[in-house]
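# Make a model of this:
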Amino acid sequence: MTRAMPPLLRPPALVTGDLVVIASLSGPLDEEHVPGLRQAVVVLERMGFRVRCAPLLEAGRRHWWSSAPVAEIAAEFNTLLRDPEVRAIVAHDGGQTVLGYLDLIDVEAIVADPKPILGYSDISLLHLVLHSRTGLVGFHADLATPGIGEAWQAAPAARREVLEGLYSTLLTGTEAIGPLPTGPSWECWRAGRAEGPLVGGVLNRIVRAQATRFALPLERFDGAVLFWEELGGQASWVWSDLQVLRHCGILDRIAGMVVGVPTAIGGLESADASPTLAEIVLDVLGDRDIPVLGNVEFGHAGPNLPMPVGIRAGLDAGERALSLLEPAVGPRDGGAGRLMPAGPTSGCRCLGAWNAQVVGSTRA
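Model (predicted):
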């Protein structure tokens, strides 16, 4: 029996003074990345938000490749989802953990009080599954530490200013953003135009999401603009994962494709690599006449342009143009997300003394 896709669920727009929590939804925080996390807090506060770090985001805390056992991560995540003071959640980093707690998430809390959840890499799996289960718009955007706190700071000042303005508008604006800033790396791999909802993430996470009982119904890909990027592995693995999407019928349903800049993929490191990523993509697509825009800055090559899952986008590959045609957030009503007194709660408490006003500690 086909499962119906829930309607699109936009979180309420954030306003100045809202609380944004940085959380370890997957990988741990290593000591060498603490300065990057501190800088992410500075940037988010400069955007006008109060910022806290959730208790599991503690330097040196580790369980295998994660910040904690999956039950603890899920418990802390659910606490944030249920807390009306928390208005957005930014993942500290990616990792290899989200697959372990997909069935532990309080989806009723998301439906009752939807919040932007920002991140990419392993977090793209979270976006896809929550979109499938609740209709929640997934904010495929920069992670706090390697993105906002590190990659943004290595970018030219003008680029940082553009990104801060773009992310602020993404979270607070109830009008469509329109054209995303075009980068010099963008390439037309197959000309054409398309308009449809954005669906995507890390390629291997799309494949894994579709292998779970929380997979997006195939109908969700009808007329969609599929975006994907990949980190590591081999060029042949990219070809194989795209073949999985072909066999699933996804490539027969989409209206367009946007491909991110490949990162550390064996066989694609050199400029004269054969085959190129474009050749791999077009080989799998075959005679499917859909526009393809390549080498767009989202994902691990960052700094990231936001790609909100579920939001309609306009693609003109020949003109190297990509536009967000709808807002990612909705109007703010008087209920969910009522502001709490600001007080002395800003700053990342996981980096200093953590007092009684913690955000949902789940430590044993």
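
# Tell me which stretches of the stretch 201-350 of the chain form helices.
203-210, 235-248, 277-285 (DSSP state H, counting those that start in this stretch).

# doesn't Ala176 make contact with Glu326?
Yes - look at Glu326 against Ala176 with Cβ atoms under 8 Å: they come within range, at 5.4 Å. Heads up, the C-betas are built off the backbone N, CA and C, glycines and all.

# Tell me how many other residues crowd Gly266.
12 (other Cβ atoms under 10 Å).

# Now do the contacts for the residue nearest to it when sequence neighbours are not counted.
Of all residues not flanking Gly266 in the chain, Gln234 sits nearest, at 4.3 Å (Cβ to Cβ, 6 or more residues apart in numbering). Shown in contact with Gln234 (Cβ atoms under 8 Å, 6 or more residues apart in numbering): 265-267.

# Could you check how far Gln234 is from Pro262?
11 Å (Cβ to Cβ, to the nearest Å).

# swap in Phe227?
Distance from Phe227 to Pro262, by Cβ to Cβ: 14 Å.

# was I right about Arg320 contacting Val292?
No - contact criterion Cβ under 8 Å: Arg320 and Val292 do not qualify, at 11.4 Å.

# Compare the two and say which is more crowded by neighbours.
Val292 (23 against 18).

# That one pairs with what?
Beta-bridge pairing of Val292 under DSSP bridges involves Arg190, Met257.

# Relative to Glu150, how far out is it?
30 Å.

# Relative to Arg38, how far out is the most centrally placed residue in the chain?
Nearest residue to the geometric centre of the chain (Cα atoms, centre = their mean): His140, 2.1 Å. Distance of His140 to Arg38, given as Cβ to Cβ: 24 Å.

# what's the answer for Val129, then?
31 Å.

# which of those two has more neighbours?
More crowded of Val129 and Arg38, by other Cβ under 10 Å: Val129, with 26 against 14.

# In this structure that one contacts Leu102, no?
Yes - counting by Cβ under 8 Å, Val129 does reach Leu102; the two are 5.3 Å apart.

# Now for those two: what residues contact both?
212, 214.

# so which of the contacts of Gln234 would you say is closest to Arg133?
Ile265 (30.7 Å; Cβ to Cβ).

# Tell me the spatial nearest neighbour of Asn204, not counting adjacent residues.
Asp241 (5.9 Å).

# And the average pLDDT for stretch 324-340 is what?
Regarding stretch 324-340, the rounded mean pLDDT is 72.

# One more: stretch 22-34?
93.

# Do me a favour and get the end-to-end distance for that stretch?
End-to-end span of stretch 22-34 (Cα to Cα, to the nearest Å): 13 Å.

# rewinding a little: could you dump the contacts of Gln234 into CSV and include pLDDT and distance to Val51?
Listed next are the contacts of Gln234 as CSV, based on pLDDT from 0 to 100; distance: Cβ to Cβ, whole Å:
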residue, pLDDT, distance to Val51
Ile265, 92, 34
Gly266, 91, 38
Gly267, 87, 41
